[in-house]
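[1] Dropping a prediction and its sequence here:
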Amino acid sequence: MTMIDQTRVTTAFDRAEHYAGHAGVQREVAQALAARIAALGLPDDARVLEIGCGTGFLTKALLDYGIGGEWLVTDKAPGMVARCRSVVGEAPGRNFAVLDGEYGLGALEGRFGLVCASMTMQWFDDLAGTVERLVQLLEPDGHLVFNTLAGETFAEWRGAHAACGLEAGAIAFPTAEALMQMLRRFSPAALTVERHVERHENARQFLERLKLVGATTPRPGHVPLSPGNLRRVMAAFDTDGAQATYEVVTCHIAG
């Protein structure tokens, strides 16, 4: 189990005031996840829990589909909860809360017809353990549907480091195969894998975009590169096309 600096994660996202304007892939995969959830045919009065709402990409998309009766929209970054609330607005049965979706689940009461999360759970220390706890929150016919990043994410950035004889500081996400193995303990469960490629003008733009969306928390123990080594890596990244792949795995577990 990899222990991520959760305080740094929360602070980074809390400060990501320009997230919505630069998170193109995040918006795209949230909309795809919402379409998948809408196809489940949930009852109109389904009780919904969203983990890691961010600025509301998934929340808004699901509401546009008419999903849910009573909502609990959560994120552990207070700033993100506030931004999501401002995007989707207040309404009867629409509740917002600051909640750690990994370590704060014990504070929740009752069960849910839908538990969902988009581009959030890759930041968890113990994904498998958290999934088990989330499944316990489902009603008998409920659904846990989430997407997360897998090991080929930012392969080009890692490759640029390797070309310079260096190791990237980005967090190493689990492989798609490891996520599939994790899901085998649940039945019924399904997993799909998609790759989204984001193109940049150069490495500087790539790094700036990561900063703007709050996705800069390094792996534990990482020592930042010297300015010279960073310039070498950035040059290698530019030479290789200045693009970054997001490997997105979508998981669906039925209660």
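    Here it is on my side, so go on.

[2] residue ranges for the helices of this protein, please.
    For the chain, the helices defined by DSSP state H cover 6-14, 19-22, 24-38, 57-64, 78-88, 127-135, 155-163, 176-183, 203-212, 227-239.

[3] Let me know the angle separating the longest one from helix 203-212.
    In this case it means helix 24-38. 50 degrees (axes from the mean of the first three to the mean of the last three CA atoms, to 10 degrees).

[4] Contacts for helix 24-38, please.
    Residues from elsewhere that reach helix 24-38, judged by CB atoms under 8 Å, 6 or more residues apart in numbering: 19-20, 54, 57-58, 61-62, 64-65, 67, 114, 116, 118-119, 143, 145-147, 194, 196, 198, 213, 246, 248, 250, 252. For the C-beta atoms, the positions are set from N, CA and C on the backbone; glycine is no exception.

[5] Now do the buried residues in stretch 185-196.
    Buried residues in stretch 185-196, counted by 16 or more other CB atoms under 10 Å: 186, 189, 191, 196.

[6] just to revisit the earlier point, could you dump the helices of the chain into JSON lines with distance to residue 101, mean pLDDT and mean neighbour count added?
    Shown next, in JSON lines, are the helices of the chain (distance: least, CB to CB, whole Å; pLDDT from 0 to 100; neighbours: other CB atoms under 10 Å):
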{"stretch": "helix 6-14", "distance to residue 101": "11", "mean pLDDT": "45", "mean neighbour count": "17"}
{"stretch": "helix 19-22", "distance to residue 101": "17", "mean pLDDT": "46", "mean neighbour count": "16"}
{"stretch": "helix 24-38", "distance to residue 101": "16", "mean pLDDT": "93", "mean neighbour count": "19"}
{"stretch": "helix 57-64", "distance to residue 101": "13", "mean pLDDT": "96", "mean neighbour count": "23"}
{"stretch": "helix 78-88", "distance to residue 101": "12", "mean pLDDT": "93", "mean neighbour count": "18"}
{"stretch": "helix 127-135", "distance to residue 101": "7", "mean pLDDT": "96", "mean neighbour count": "18"}
{"stretch": "helix 155-163", "distance to residue 101": "27", "mean pLDDT": "96", "mean neighbour count": "19"}
{"stretch": "helix 176-183", "distance to residue 101": "17", "mean pLDDT": "94", "mean neighbour count": "16"}
{"stretch": "helix 203-212", "distance to residue 101": "21", "mean pLDDT": "86", "mean neighbour count": "17"}
{"stretch": "helix 227-239", "distance to residue 101": "32", "mean pLDDT": "97", "mean neighbour count": "16"}
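
[7] Fine by me, thanks again.
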